[in-house]
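**Q** Got a predicted model here, sequence first, then my questions.
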There are 2 protein chains.
Amino acid sequence: MKELNDEALELIANRFRLLAEPTRLKILHTLGEDEMNVSQLVAATGAGQANISKHLGALLDAGIVSRRKEGLTANYRVADETIFDLCEVVCSRLKTQLETRQNVLADIF
Amino acid sequence: MKELNDEALELIANRFRLLAEPTRLKILHTLGEDEMNVSQLVAATGAGQANISKHLGALLDAGIVSRRKEGLTANYRVADETIFDLCEVVCSRLKTQLETRQNVLADIF
DNA sequence: AACTTATATCACTATACGGTAATATAGCTA
DNA sequence: TAGCTATATTACCGTATAGTGATATAAGTT
């Protein structure tokens, strides 16, 4: 592992921060492999329109989603598939962690 | 990919949030494979003692580090190696992203 | 042109959280 | 016991940001 200067740490932290909000995760998970417009995402997530637009803007700036304008609608799609890898790693880790705790209790009672 | 309820999203977001701060990333990167006590981490990172203690407490609660008390010192170690996998994925993604932008400029000038 | 629809942006509030100084606590030492 | 050292905790401040209502902008429709 190489040295990490403060600027690099900042970049990495920023990337993780984008995934550190339930609403943004919900957007990404709702998008999945498909393309969806803002209204569809608003309907699917139950969040406010301004809220979804703001989050999409942040994800777009980071290159995590792409945007395709078509008439009145703005269509978004996940552009960085590694996001799903990250979520997968976190998910399975959380699962094993919870299983371990469960077993700890099971051994006692 | 399964459905994700709001509670699960919260758990995943919380995990990412722990990695969304440069100081915590610095702690984890400084620890690496070794065991270090708080004073060593304070010296190595240049952060304040209270600050390091607080961050270590958060990482400990999440099970990302483990703690071994020995006399006066508290010795920490990374307990969840998947953290490094996550950082690796983010790092290489950022790298390719920057390379792509660099090439875009190179094609123009 | 007037109107409607879809999205983005602005202004604002509330909350969460990182950093820090001061203090508490626990274990070692003389 | 008194004092010293390492760490944890508390209280506080400042900042960042999620959410929201109102508004702006842009594109389609009549």
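**A** Done, it's in.
**Q** How about residue A:68, nearest residue that isn't a chain neighbour?
**A** For residue A:68, ignoring the flanking residues on the chain, the nearest one in space by Cβ to Cβ, 6 or more residues apart in numbering or on different chains is residue A:75 at 4.6 Å. Every C-beta, even on glycine, is put in place using the N, C-alpha and C of the backbone.
**Q** meant to ask about residue A:9, not that
**A** residue B:22 (4.1 Å).
**Q** how near is the residue positioned nearest the centre of chain A to residue A:61?
**A** Closest residue to the average C-alpha location of chain A: residue A:25 at 3.4 Å, with Cα atoms, centre = their mean. Counting by Cβ to Cβ, to the nearest Å, the separation of residue A:25 from residue A:61 is 17 Å.
**Q** cool, residue A:37 as well?
**A** 19 Å.
**Q** cool, residue A:43 as well?
**A** For residue A:43, the distance to residue A:61 - Cβ to Cβ - is 24 Å.
**Q** pretty sure residue A:63 contacts residue A:82?
**A** No. Counting by Cβ atoms under 8 Å, residue A:63 stays clear of residue A:82, with 10.9 Å between them.
**Q** is any part of the lowest-mean-pLDDT helix or strand in chain A close to chain B?
**A** Across the helices and strands of chain A, mean confidence by mean pLDDT, DSSP states H and E is lowest for helix A:82-108: a mean of 91. Yes. For helix A:82-108 and chain B, the contact criterion (Cβ under 8 Å from any Cβ of the partner chain) is met by A:82, A:84-87, A:89-91, A:93-94, A:97.
**Q** What residues sit buried inside that helix?
**A** Within helix A:82-108, the residues that count as buried by 16 or more other Cβ atoms under 10 Å in any protein chain shown are A:83, A:86-87, A:89-91, A:93-94, A:97.
**Q** for stretch A:28-35, same thing?
**A** So for stretch A:28-35, counting by 16+ other Cβ under 10 Å, buried means A:28-29, A:31, A:35.
**Q** Kindly report the same for stretch A:10-18.
**A** A:11-13, A:15-18.
**Q** gap between it and the chain center?
**A** Distance, stretch centre to chain centre, for stretch A:10-18: 12 Å (Cα atoms, centre = their mean, to the nearest Å).
**Q** before we move on, which element is the closest residue to residue A:94 other than its chain neighbours in?
**A** Using Cβ to Cβ, 6+ apart and skipping the chain neighbours, the partner closest in space to residue A:94 is residue B:11 (5.8 Å). Taking DSSP states H and E as the definition, one finds residue B:11 inside helix B:6-18.
**Q** average model confidence for that helix?
**A** The average pLDDT for helix B:6-18 rounds to 97.
**Q** elements contacting it?
**A** helix A:6-18, helix A:22-31, helix A:82-108 (3 or more Cβ pairs under 8 Å, 6 or more residues apart in numbering or on different chains; DSSP states H and E).
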